[in-house]
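>>> Can you look at this prediction? I've put the sequence above it.
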Amino acid sequence: TGKRILNFSAGPGLMPATVLATAAAEMSTFSQGHSLMELSHRSAPFEKLLEETEVSFRRLLNIPSNYKVLFMQGGATLQFSCIALNLCAGANAGTKADYIVTGAWSQKGHEEAVRLLGSDRVNLVVNTKSSKHNGDIPPLSTWNFSDKQSFVFYCDNETVHGVEFGSKFPFHAIAKDVPIVCDMSSSILSQPVDVSKFGLIFAGAQKNMGPAGVTVVIVREDLLVASYKYPQPFPLMLDYSTYATSHSMHNTPPTYPIYLCGLVFKWLETKIGGLIEMEKINAAKAACLYEAIENSNGFYSCPVKKDYRSRMNVTFLVKGDFEKEFLAEAEKNGMIQLAGHRSVGGVRASLYNAMPLDGVQALVSFMKEFASARF
Ligand code: PMP
């Protein structure tokens, strides 16, 4: 089969090679001589698979029993709408949804909340747009929280700008009874998190979990019961309760993406050894690449402030006019999808869980050679 291409795509991102091999082997004979794709979601084998997938996910993240895990569709983008509509707590007049904007995705979340709820129900706590979302996050003392909050929204890892909060998010600044809502699309399962700090976590699958087509939501049970839904009547398939009460089986769930997520969870548990191990590998990968950038005498430079540099999406610039040539040469050397997001340009190397350390080392060797030939 030859050597695998090194795929630095920001998403859909690469999958572990062993997962793809298992999926290929089981493609047409998952159960009783047919593929999983051809299996009823109401069949016993699929129900078992869904159950095992959820159990494995819960084990990996150590999810407390008072949280539901929902398998939804519509991508992370639909969650921007669902969150505003399910959690705006319309019955509690005077509450506002607080948004922390540190990049393109939290900005989109905020825009959708304003569109659906109106600007008088939504508050911008902080916005780094004026510094081009470069991780120059103003001190907490300047953050403008609302007096009566329905929830606080933030994005853990900004995929486009390469800005990550991780454990630096100021959880202590938010009252215990205010749900914290987090977009973890591009950082979920990259390290352990304390789920009990959150009201709701959501993530599209296509970076660290599986293929596009399923979005995983972790939501504290009391938020399902207490929330007043707006508008009335409320669309059934936007209502978290619909998924919670039916085990995500109100209608046909995305069966094949769920199956692949299950294989990735198994890979994390058995081949990697859980999220503490995954975190170590991810830290080593990110350190390797950021060090190469820092030690390049300015040939490469990272626009993001040090404190909030992402471990998952490393953004950097190439000196002079060499960017196009860099991308073309990288591709010739088997390293693909390194172009930055179309809105910001530059180079972006996404180092999701499935990217091995030696893949990053190969990129770093190439970067050194490319720079020394042109300096
Ligand atoms: N949030 C983040 C952090 C993302 O990286 C993305 C996708 N790149 C989205 C939301 C939107 O996801 P989707 O395309 O699945 O709607």
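Received the coordinates, thanks. Residues are numbered from 1 along each chain as shown.
>>> contacts, neighbours, all on C-alpha from now
Fine.
>>> Surely G262 is in contact with T53?
Yes: between G262 and T53 there is a contact at 4.7 Å, judged by C-alpha atoms under 8 Å.
>>> okay, those two: which has more neighbours?
For G262 and T53, the more surrounded residue by other C-alpha atoms under 10 Å is G262, and the numbers stand at 24 against 21.
>>> tell me which residues in the helix or strand hosting the more buried one are buried?
Element membership for G262, per DSSP states H and E: helix 255-267. In terms of neighbour count (16 or more other C-alpha atoms under 10 Å), helix 255-267 has its buried residues at 255-267.
>>> repeat for stretch 51-71
52-58, 60-61, 63, 67-71.
>>> near the ligand at all, it?
No: where contact is defined by C-alpha under 6 Å from any ligand atom, no part of stretch 51-71 touches the ligand; the two come within 13.0 Å at best.
>>> can you give me the helices in the stretch 1-150 of the chain?
For the stretch 1-150 of the chain, the helices defined by DSSP state H, counting those that start in this stretch cover 17-26, 44-61, 75-87, 104-117.
>>> In CSV, list the ones you listed along with mean pLDDT.
Formatted as CSV, the helices of the stretch 1-150 of the chain follow (pLDDT from 0 to 100):
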stretch, mean pLDDT
helix 17-26, 95
helix 44-61, 97
helix 75-87, 95
helix 104-117, 96
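>>> Most tightly packed of these?
helix 75-87 (a mean of 21; mean count of other C-alpha atoms under 10 Å).
>>> wait, which of the helices of the stretch 1-150 of the chain is closest to T242?
Across these, T242 has its closest neighbour in helix 75-87 (11.6 Å, C-alpha to C-alpha).
>>> In the stretch 51-200 of the chain, mark out all the strands, start to finish.
All strands of the stretch 51-200 of the chain, identified by DSSP state E, counting those that start in this stretch, fall at 67-72, 96-101, 122-127, 149-155, 157-158, 163-164, 180-183, 200-204.
>>> Strand partners (parallel or antiparallel) of the third one?
When pairing is defined by DSSP bridges, strand 122-127 lines up against strand 96-101 (parallel).
>>> in the partner strand, what counts as buried?
K96, A97, D98, Y99, I100, V101.
>>> What are the contacting residues of the helix or strand bottoming out on mean pLDDT in the chain?
Across the helices and strands of the chain, mean confidence by mean pLDDT, DSSP states H and E is lowest for helix 221-226: a mean of 83. The list of residues contacting helix 221-226 from outside it, by C-alpha atoms under 8 Å, 6 or more residues apart in numbering, reads N66, Y67, K68, L87, G199, Y240, S241.
>>> Point out the residues in this protein that sit beside the ligand.
For the chain, the contact set with the ligand under C-alpha under 6 Å from any ligand atom comprises G75, A76, T77, W105, N157, E158, T159, D183, S185, S186, G204.
>>> Pick the one among the residues you listed closest to E323.
Of all those, T159 has the smallest distance to E323: 20.0 Å, by C-alpha to C-alpha.
>>> So for the closest one, what pLDDT did the model give?
With respect to pLDDT, T159 scores 98.
>>> longest helix of the protein?
Counting by DSSP state H, the longest helix found in the chain is helix 275-294.
>>> and it, average pLDDT?
In this model, helix 275-294 has a mean pLDDT of 98.
>>> in it, what's buried?
Of the residues in helix 275-294, those buried by neighbour count under the rule 16+ other C-alpha under 10 Å are 275, 277-279, 281-283, 285-286, 288-290, 292-293.
>>> what's in contact with stretch 270-282?
Surrounding stretch 270-282, the residues in contact under the criterion C-alpha under 8 Å, 6+ apart are 60-61, 189-192, 268, 311-312, 351-353, 357.
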